[in-house]
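**Q** Need the 3D shape of this:
(2 chains)
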Amino acid sequence: NAGVMQNPRHLVRRRGQEARLRCSPMKGHSHVYWYRQLPEEGLKFMVYLQKENIIDESGMPKERFSAEFPKEGPSILRIQQVVRGDSAAYFCASSPRQGGGYNEQFFGPGTRLTVL
Amino acid sequence: GEDVEQSLFLSVREGDSSVINCTYTDSSSTYLYWYKQEPGAGLQLLTYIFSNMDMKQDQRLTVLLNKKDKHLSLRIADTQTGDSAIYFCAETLSGGYNKLIFGAGTRLAVHP
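**A** Numbers count the residues shown, from 1 in each chain, chains lettered A, B, ... in the order given. Down below sits the predicted model:
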């Protein structure tokens, strides 16, 4: 059973370009979380999605950022018109369910975005 | 509010015990976690504790939770050079869709 997969692992963009980050959750997992880690900082929650639904986007910047998790295919985090401050590591995590009780999130290796 | 704080650095000698500390502010924590991150890698869950427990032991790892003081610690016995990494404390909150709230991380350096 493959773990959470993210691609690309490294992404370089120039200011003003678009960045698309992909996350394939573990098999059987229908819940996806995206986190951002700025240099020398901890991870900050961005968005929580289930298949075809955004459940909690309280951590997403109001502009330029969007996320989706379609019925088929990976979850996508999209950043339009990137700026230097978007340079960070973006981590995806998946879990099999949501609700009461312990619910482990399994993390992918991250995508390191560099904006020139 | 939601806030998790950790000291930034810890240096220990190989074979000694390491204790990494964390404080949190929200009293509605359900679970508290310790994650390990090695350079250039993702996060690996080391251990977790339910907020109603006060201690959990797992091989070389001991987690202590003082709910009154909102203080969590991770003790690593017989620390090895392979334990050198960044350790993140995190919590999930009641009603929070299980999103993780992380501290800034403690960089553990193990020297001979």
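**Q** For the rest of this, base every contact and every neighbour count on C-alpha atoms.
**A** Fine.
**Q** could you give the mean pLDDT of stretch B:60-71?
**A** In this model, stretch B:60-71 carries a mean pLDDT of 94.
**Q** quick one: that stretch to chain centroid distance?
**A** 9 Å (Cα atoms, centre = their mean, to the nearest Å).
**Q** Please, which helix or strand holds residue B:22?
**A** Assigned by DSSP states H and E, residue B:22 falls within strand B:18-24.
**Q** Just give the strands next to that strand in its sheet, each with its orientation.
**A** Using DSSP bridges, strand B:18-24 pairs in its sheet with strand B:4-6 (antiparallel), strand B:71-76 (antiparallel).
**Q** Report the mean confidence score over the shortest one.
**A** Yep, that's strand B:4-6 we're talking about. In the prediction, strand B:4-6 has an average pLDDT of 92.
**Q** Tell me the helix or strand right after that strand.
**A** strand B:9-13.
**Q** Now that next one: buried residues?
**A** By neighbour count on 16 or more other Cα atoms under 10 Å in any protein chain shown, the buried set for strand B:9-13 is residue B:12.
**Q** list the helices and strands the following helix or strand past the strand holding residue B:22 packs on?
**A** Next in sequence after strand B:18-24, counting helices and strands by DSSP H and E, comes strand B:29-37. Under the contact definition 3 or more Cα pairs under 8 Å, 6 or more residues apart in numbering or on different chains; DSSP states H and E, strand B:29-37 sits against strand B:43-50, strand B:85-93.
**Q** my read: residue A:17 touches residue A:82, true?
**A** Yes - the pair residue A:17 / residue A:82 is scored as a contact, 5.7 Å apart, by Cα atoms under 8 Å.
**Q** More neighbours: those two, which one.
**A** In this view residue A:17 and residue A:82 are compared by other Cα atoms under 10 Å in any protein chain shown, and residue A:82 has more residues nearby, 22 against 13.
**Q** Quick check: phi and psi at the more buried one.
**A** phi -60, psi 150 (degrees, to the nearest 10).
**Q** what do you get for residue B:83?
**A** Backbone phi and psi, for residue B:83 under degrees, to the nearest 10, turn out to be phi -80, psi -10.
**Q** Could you check the pLDDT of it?
**A** In this model, residue B:83 carries a pLDDT of 96.
**Q** Show the contacting residues for it.
**A** B:108, B:110 (Cα atoms under 8 Å, 6 or more residues apart in numbering or on different chains).
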